[in-house]
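In: here is my input; please provide its structure:
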Amino acid sequence: MRKNNIKNFTTNRTCGSFTNNTNLKSEILSAFVIVRNGSWSKKGIISIGILISILILITAASLGSTNIKFSDTILITLHKIFRFPLSENIDAKDVSIVWLLRLPRVILAFLVGGCLAMSGAVCQSILRNPLASPYILGVSSGASLGAGLIIISGVTLPFLFGFSLPLAGFMFGLAAVFFVSAFSSKIDKSMSNNTIILCGMVSMSNNTIILCGMVLSLFLNALLSTLSAVFSDDLRRIVLWQMGSFAMRGWSYVWLLIPFLAIGTAGILLHVKEIDILSFGDEHAKSAGVETGKLRKRLLTFCAVLTGASVALSGVIGFVDLIAPHAARRICGSLHRHLIPISFIVGGSLMVCADLAARTVIAHSELPVGAITALIGAPFFAWIYFRNKK
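Out: Residues are numbered from 1 along each chain as shown. Just a heads-up that it's a prediction; the model follows:
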């Protein structure tokens, strides 16, 4: 009986259905109790995932144009963090390569992948669409336009120490999300079926916000293409930024991302139970006492913070936010207090592997990370779509 209850609880979440339930609140609470009794296995999965991700990080920091011994990479890391004595056999050049070039790069890739994966998991749940991602809200297009304007104009602020480009990308990406939210609520006042409350008073459907995000993305991409054609000298730099890369990203980029990661992650984790209930649909969530409008507004803001900061620091890297949440659901189910951290681990590991492939597949050359993730993600996107059609 317990297995049947939790199965219904986890499998019906995506479509928002909950059949023949006269006491939603007690059913949800009982499901939480059932899952809590078996939570040790989920914690074990998370622990194993952390160990695997550490192994992937060390492996990625060891491989490249100059391969460094796995053990040497570990010793260099321990020496820099904990002041462990360093073996005389380790070359000073290898220390610089690992600590100054590769380690900050792979850590940034891991954090960016984790941010995108968490945002994707939340967007898929609150929009109840397995193909949803934070990019459909216009974050990437807004960030690309902001970065393009900085590249073309050459405007920099001295007190930002070279971070004018990431800051512009972040601000434009965040503005795009808020514009999509406001615009969707204005044009969808009359919608009555399957509606959501975003701004507290005005309703809009899940499809409306997705379509508005796509329209805004197309419009912003058209503006950027026009600017690139007019200012053709900067075209190569704009295109490379749009395709995403972690090349020449030092520790300063890692430290810059951490505050946004902390804010976005804490905000999402504080609402995991509400997200679980919201996944059933607005009517069920409201009957359980969830303020759906305020909750969605907060969650979309946290997703925008995570995605905007990631895109601003690494460029546009797609499909990780789509692939990782689905892989995480296969591993741990749909309960968000497990899904969010496992999505972070899967997304981070996937991004590190994609970055490793981008810089090692072709000798003495580097491919854009966005191209690698697109080669994996496009077939995956098609598989998800046609699977749901069946």
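In: what residues of whichever strand or helix holds V311 count as buried?
Out: Using DSSP states H and E, V311 falls within helix 292-314. By 16 or more other C-beta atoms under 10 Å, the buried positions in helix 292-314 come out as 292-293, 295-314. From N, CA and C alone the C-beta is placed, and that goes for glycine too.
In: in the stretch 1-150 of the chain, which spans are helices?
Out: Here the stretch 1-150 of the chain has its helices, by DSSP state H, counting those that start in this stretch, at 2-11, 24-37, 39-62, 70-82, 92-96, 103-126, 139-153.
In: what does the last one rub up against?
Out: This points to helix 139-153. Outside helix 139-153, the residues within contact range by C-beta atoms under 8 Å, 6 or more residues apart in numbering are 156, 164-165, 168-177, 216-218, 220-221, 223-224, 227-228, 231, 234, 237-238, 241-242, 304, 307-308, 311-312, 315-316, 318.
In: what residues are up against the residue sitting furthest away from the middle of the chain?
Out: Within the chain, E88 marks the point farthest from the mean C-alpha position, 41.1 Å out by C-alpha atoms, centre = their mean. By C-beta under 8 Å, 6+ apart, E88 lies in contact with nothing.
In: ramachandran coordinates for it?
Out: When read as degrees, to the nearest 10, the backbone of E88 gives phi -70, psi -20.
In: now do stretch 183-198, average pLDDT.
Out: For stretch 183-198, the mean per-residue pLDDT is 50.
In: the bottom helix or strand of this structure by mean pLDDT?
Out: strand 195-197 (a mean of 36; mean pLDDT, DSSP states H and E).
In: before we move on, back to that, compare the helices of the stretch 1-150 of the chain and give me the one nearest E366.
Out: helix 103-126 (11.2 Å; C-beta to C-beta).
In: indicate which one of the helices of the stretch 1-150 of the chain is closest to L270.
Out: With C-beta to C-beta as the criterion, L270 lies closest to helix 103-126 of the helices of the stretch 1-150 of the chain, at 12.3 Å.
In: which helices and strands does that closest one pack with?
Out: If you count contacts as 3 or more C-beta pairs under 8 Å, 6 or more residues apart in numbering; DSSP states H and E, helix 103-126 packs onto helix 39-62, helix 251-269, helix 272-278, helix 292-314, helix 320-332, helix 336-360.
In: for the fifth one, output the C-alpha coordinates as PDB.
Out: Okay, so that is helix 320-332. Coordinates of the C-alpha atoms in helix 320-332 are reproduced here as PDB (Å, rounded to 0.1, in the frame of the first residue of the first chain):
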ATOM      1  CA  VAL A 320      22.400  21.000 -19.500                       C
ATOM      2  CA  ASP A 321      19.400  22.500 -17.800                       C
ATOM      3  CA  LEU A 322      17.200  20.100 -19.800                       C
ATOM      4  CA  ILE A 323      19.300  16.900 -19.600                       C
ATOM      5  CA  ALA A 324      20.400  16.900 -15.900                       C
ATOM      6  CA  PRO A 325      17.000  17.200 -14.200                       C
ATOM      7  CA  HIS A 326      15.600  14.200 -16.200                       C
ATOM      8  CA  ALA A 327      18.700  12.100 -15.400                       C
ATOM      9  CA  ALA A 328      18.400  13.100 -11.700                       C
ATOM     10  CA  ARG A 329      14.700  12.000 -11.700                       C
ATOM     11  CA  ARG A 330      15.700   8.600 -13.100                       C
ATOM     12  CA  ILE A 331      18.100   8.300 -10.100                       C
ATOM     13  CA  CYS A 332      16.100   9.600  -7.200                       C
END
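In: how about residues contacting it?
Out: 42, 45, 113, 116-117, 119-121, 123-124, 130-131, 133-135, 307, 338-339, 342-343, 345-347, 350-351, 354, 373, 376-377, 380-381, 384.
In: buried ones only from the residues you listed, please, as a ChimeraX command.
Out: Listed next is the ChimeraX selection for buried residues among these, using 16+ other C-beta under 10 Å:
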select :42,45,113,116,117,119,120,121,123,124,130,133,134,135,307,338,339,342,343,345,346,347,350,351,354,373,376,377,381
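In: how about the contacts made by L57?
Out: Counting by C-beta under 8 Å, 6+ apart, L57 has contacts V106, I107, F110, V352.
In: mind putting those into CSV with pLDDT?
Out: Listed next are the contacts of L57 as CSV, based on pLDDT from 0 to 100:
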residue, pLDDT
V106, 96
I107, 97
F110, 97
V352, 97
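In: nearest to Y253, of these?
Out: Within these, the smallest distance to Y253 is 9.4 Å, found for I107 (C-beta to C-beta).
In: would you mind measuring from the residue farthest from the centre of the chain to L75?
Out: To L75, E88 is 11 Å away according to C-beta to C-beta, to the nearest Å.
In: deepest-packed of the helices of the stretch 1-150 of the chain, please.
Out: Of the helices of the stretch 1-150 of the chain, the one with the most neighbours on average (mean count of other C-beta atoms under 10 Å) is helix 103-126, at a mean of 28.
In: take the helices of the stretch 1-150 of the chain and write them to a markdown table, including distance to E283.
Out: Listed next are the helices of the stretch 1-150 of the chain as a markdown table, based on distance: least, C-beta to C-beta, whole Å:
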| stretch | distance to E283 |
| --- | --- |
| helix 2-11 | 17 |
| helix 24-37 | 9 |
| helix 39-62 | 29 |
| helix 70-82 | 51 |
| helix 92-96 | 59 |
| helix 103-126 | 15 |
| helix 139-153 | 29 |
